[in-house]
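J.: Please find the sequence and the predicted model below.
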Amino acid sequence: MIQLLGAIVRGLRSRALLSAGSVLLTALAIGSAVLGPVFSEAVTNSYVVTRLQETAPGLTGLSRVFTPDDGSSLEQAERDAVAASSRVTSGPWREPVTIAQSERFSALRGVVTFWSRADACETLEVQGRCPERQGEVLMLAADLEKTGAEIGEPLPLAIFETPGVAGLDLPRPALDEVVVVGSYVTPGPGEGWLIPGRLTSTNEQTSIRGGYQPYAPAPLITTDDTVSAMGAWDVRVDTELDVPPDLTPEQLDEAATSAKAVPRDTELEVEGGTLRADDTNSLADAVEEVRFQQSTARSSIAPAVLSLVLVALALLMRLLNAASELRVPELALASLRGVTARRLWGLGLAEPLVVLLIATPLGLVFGVGLSVVLVRSWLVPGLPLPLPWASWVAGGLVLAAAFAVACVAVGLVVRESLASQLSGVRRPVAARRWSVIAQLTLVALAVATLASKLSAGGPGEPDATDLVLPVLLAVVAGLAATRLTAVVATWWAGRSRGRSLSGFVSWRAISRRQEGTLVILPITAAIAVAVFGAGVYDSAATWRTSVAATASPADTTWSTSLTMSEAVDLTRTVDPEGDWIMAAASAANPGANFSIVDSSRLARIATWPATWSPGRDVGQVVDDIAPGGVVPTLTGTRLSLTIDNQADMDRDLSVEVRFGSRNGLPLKAYLGPFPSGESTRSARVPFCREGCPLEGMTLGGGAGTNTRMSGSLRLVSVEMDGSPVAGGIEGAGWTATPDPAVRTSIVDLQESGGELDMTVDTGDSVGMARITAGGITRARPALAGPGVQDRAITTLDEGYGLIPVDRVGEIEGMPFTGPSGLLVDYSSFITDRPVYDNLVTVHVLVREGAPASITEALSEAGLTIGTTLAQERHVLDQSAYALALRLYGVVAALVLLMALAGLFVSAAVQLPARRRDAAALRVVGVPKASVMVAVIRELAVVLGSAALAGILAGSLAQWVVLRTITLGYADDPTTPALVAAISPVRLVVLALLAAAVFGAVALVSASMTVRGARGATLRESAR
């Protein structure tokens, strides 16, 4: 035993380079197997934490309303409410917050509620002071202007009641007036209020089906005794979900179960009263998504780790083969001495077993250490490191596989005949049957997987084949490159007789030296994995930016209850230059949603990924959808029109002027009469004091009605408060109103010299001259997404508050609606037509770096931050698939390093044989330069074929996989498509890098070969 141990130590020391390489590769394979399950579970846990931290608290928290029994005091009701909610709540929750809230009252021309919360002033940005006595309130800053309230002054409550509010049959508050002692702005997410949107006001609106929404100011924050004095009240209990870094999916399941403990449609009898749910909790959806992410993590990470393990085992096989070949004389001597086959196997496996024993603890340390580094670097801070049992099982299986590889490597030598062992250099021989079967099986698997991906009906969720495919293609490409290189070398060596000596030597060496071509397979696999990993990671990163920009089309996206026209007015007032904010919206419509943007500001403010409009920059997109004119803006209180009336009419001309709508009500003014000839008429328009759009006019009978008219009408000027309106006529793009329901009398309409000339003729009937500003045509210009069908565009003519469009082009994505939308300018959507605001979701987009004065003005207007581009991108970057692709990048880097290490070790092992061949050539008179060129050419052909095969296999895998996956969002029509593009620049850079590295290896190897090729080398070998 001691003699055997000594022989093992001497053997490992004499083959130190091969031994160290084998230990390294075995440790990497075991460490990778340990890493896979650890990282998979850590990714899922991290996603749970990130998903919940980035989700609005209102979607994960609990909001329950406690209605106390008769006779309960407010203080006792708050204690009972907390106790009742806590009894049915389990899991990771924060301390509950109580809010006393009054019933809804008819006041301030709308619907008013009063809230009381102990720490309200500490969690709100207050201007003024906090309420201290009965009857004192805080009011939302935006509501101060709407109601005419002033800080420090009494505010009457029971004022005029609109018909719509009266129809709601709400009680009046017990107090006739309150004193506004301060104002507040709507808090942002995470600022102490579960649902900040509850602290915003809503405007009066009428829906498409006749529904009515009254004006409702934000809750008036007051004291407990004020709430009690107003009338009936109840207690709201808000509880936010606690999301520590060590939150697990099991704890999330517990929280989701407790969220369902109080039904939303019934009242639960509890001690002291009843409890009902009144929240927007969607933890059940989060649980379902976590389950999907767990599945994605397992199916994505396992193949990535498998590729690393397989390449490591392939390189280990190569090194163990080399070590076994160097031990051939030793094993041949043992055979000559009559050692039995069992003892010969033991002698052959002794060194590999010692290598595996040394590598096992190193591999475990490497796997756990790399897991710690990746978890600390990529996942949520403070996340504990899981160590699942699957890691140890996987490590054991890889160790068993490494032992099997060692057995195969030793068996290839031990089973050879004694004559073959004593012959020296191994020559290419016919492949064994099991080897051919294994190679054909791999080829069949690769072809079958490739065919299934190419024949897929459309993009779908990622599965294991998406990441197994590059490994299969890499192995098949490596086998094909190895076989093809050997065949071509044999054929070319035959043709090279009598030609270049160095060429003949290099091609003959490739065809006859089996060790040289064995390096092609692992290098091809490594390069293919690297090309695929880098390409898919880059494409997926670009795609995630596109998805994030769909949800947040600017640096910050603010939510608002304003109408689109009100939001446009707000952005014009706060940012007159249009450098920082813009209005945008989406309108729901089956088959063709609308993405509505202020195109005049789109290029400066919005985020527009290049993948949304290939071949079009954002400036061209703006030009495509921009209307033919700019709707004039009037600022003042008195409107004057000068008209030259040269028409034959039954009555004097009157003009109806339209200014859009406000609070759901159309704004109009009537001017006239205008007798024959040129005359000027005026009308008061107090609602235009702060600005209003001049959207259209109707020239006709009284109040803009139909009448007989024939001749010409000329609009000479438009003035406000005695001054001409800039752009009132010239540049306004006045057109005959594109409405088929209007009986138009306009025969011709032209703008000339800053005046508008109309030729009118109703013939034997009656009509009106109805005109619209903004260059509006009946079919508005729109860019359509690929998900919009022609039938959906056709149905837009049927009304329902939408507009007919003219598809002027197609783009791949757009704000809010993605590929399922129609991109239109806001003026095309709202100008001079009724708009059902309940169909439209309005946002204000804010550019990065906006001054604080801009954001403060938005907050004072009652807007809240809905989301940000960085937040949306962060959530996508933390998904399981995105993290798996990161791991694939690490795997690609490790595979390349292993391949280079294997290449260096292989070159070093082959160096003595190459020197012998070079020395033999030098002895017979071959010039030194020819020998060096032959060695360089041999290595260049071998390594170049490996690099080319790897790049082609990786590129093919990238193209196929990107065509067939949607990265887990297959069922969302607003998700932009993943672009299956291969970057030529990246491939060229990789090819140049491979050429530089492999060229350096070839040059150094050739130099060392020729330098040591002397006659003494042959004499040393002979001894």
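T.: Thanks, I have the structure now. Residues are numbered from 1 along each chain as shown.
J.: Okay, the residue nearest to residue 675 when sequence neighbours are not counted and residue 767: tell me how far apart.
T.: In this structure, residue 675 finds its nearest non-sequential neighbour in residue 652, 5.6 Å apart by Cβ to Cβ, 6 or more residues apart in numbering. Where C-beta positions appear, they are placed from N, C-alpha and C, glycine not excepted. Noted for residue 652: a distance of 16 Å to residue 767, by Cβ to Cβ, to the nearest Å.
J.: List the residues that contact residue 363.
T.: Residues in contact with residue 363 (Cβ atoms under 8 Å, 6 or more residues apart in numbering) are 26, 27, 28, 29, 30, 31, 34, 395.
J.: From these, pick the one nearest residue 290.
T.: residue 34 (24.0 Å; Cβ to Cβ).
J.: Test my guess that that closest one contacts residue 393.
T.: No: using Cβ atoms under 8 Å, residue 34 is not in contact with residue 393; the gap is 9.9 Å.
J.: Residue 652 and residue 767: which has the busier surroundings?
T.: Neighbours were tallied for residue 652 and for residue 767 using other Cβ atoms under 10 Å; the higher tally belongs to residue 767 (19 against 15).
J.: so who does the more buried one touch?
T.: Residue 767 makes contact with 700, 706, 707, 709, 743, 744, 745, 760, according to Cβ under 8 Å, 6+ apart.
J.: which of these lies closest to residue 891?
T.: residue 744 (69.0 Å).
J.: Tell me the bridge partners for that closest one.
T.: Counting by DSSP bridges, residue 744 is bridged to residue 768.
J.: Read off the pLDDT value for it.
T.: The per-residue pLDDT reported for residue 744 equals 85.
J.: are any of the contacts of residue 767 buried, and which?
T.: Among the contacts of residue 767, those classed as buried by 16 or more other Cβ atoms under 10 Å are 700, 706, 707, 709, 744, 745, 760.
J.: any chance of these in JSON lines, with distance to residue 839 and secondary structure too?
T.: Below are the buried ones among the contacts of residue 767 laid out as JSON lines (distance: Cβ to Cβ, whole Å; DSSP: H, G, I helix; E, B strand; the rest coil):
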{"residue": "700", "distance to residue 839": "31", "secondary structure": "strand"}
{"residue": "706", "distance to residue 839": "30", "secondary structure": "coil"}
{"residue": "707", "distance to residue 839": "35", "secondary structure": "strand"}
{"residue": "709", "distance to residue 839": "36", "secondary structure": "strand"}
{"residue": "744", "distance to residue 839": "28", "secondary structure": "strand"}
{"residue": "745", "distance to residue 839": "32", "secondary structure": "coil"}
{"residue": "760", "distance to residue 839": "35", "secondary structure": "strand"}
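J.: possible to save the contacts of residue 767 as a markdown table with distance to residue 185?
T.: Converted to a markdown table, the contacts of residue 767 look like this (distance: Cβ to Cβ, whole Å):
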| residue | distance to residue 185 |
| --- | --- |
| 700 | 47 |
| 706 | 50 |
| 707 | 52 |
| 709 | 53 |
| 743 | 50 |
| 744 | 48 |
| 745 | 51 |
| 760 | 52 |
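J.: quick one: which of residue 34 and residue 393 has more around it?
T.: residue 34 (29 against 13).
J.: what about that one, distance to residue 707?
T.: Remark: distance between residue 34 and residue 707 (Cβ to Cβ) = 88 Å.
J.: before we move on, what about residue 268?
T.: Distance of residue 268 to residue 707, given as Cβ to Cβ: 66 Å.
J.: just residue 804 next, same as before
T.: Residue 804 is 29 Å from residue 707, by Cβ to Cβ.
J.: Over to residue 821?
T.: The gap separating residue 821 from residue 707 is 42 Å, by Cβ to Cβ.
J.: right, and residue 81 touches residue 67 too?
T.: No: assessed by Cβ under 8 Å, residue 81 is found out of contact with residue 67, at 9.2 Å.
J.: quick one: low-confidence parts of the stretch 801-950 of the chain?
T.: Along the stretch 801-950 of the chain, segments meeting pLDDT under 70 span 801-802, 880-881, 888, 902, 905-918, 920-926.
J.: Likewise for the stretch 301-450 of the chain?
T.: Ranges of the stretch 301-450 of the chain meeting pLDDT under 70: 301-304, 306-308, 310-311, 314-316, 318-341, 347, 412-435, 438.
J.: Run through the helices of it in chain order.
T.: With helices called from DSSP state H, counting those that start in this stretch, the stretch 301-450 of the chain shows them at 328-336, 341-378, 389-414, 418-422, 433-454.
J.: Identify the residue spatially nearest to the most centrally placed residue in the chain, adjacent ones excluded.
T.: Nearest to the geometric centre of the chain sits residue 544, at 3.0 Å (Cα atoms, centre = their mean). Nearest non-adjacent residue to residue 544, counting by Cβ to Cβ, 6+ apart: residue 876, 4.2 Å away.
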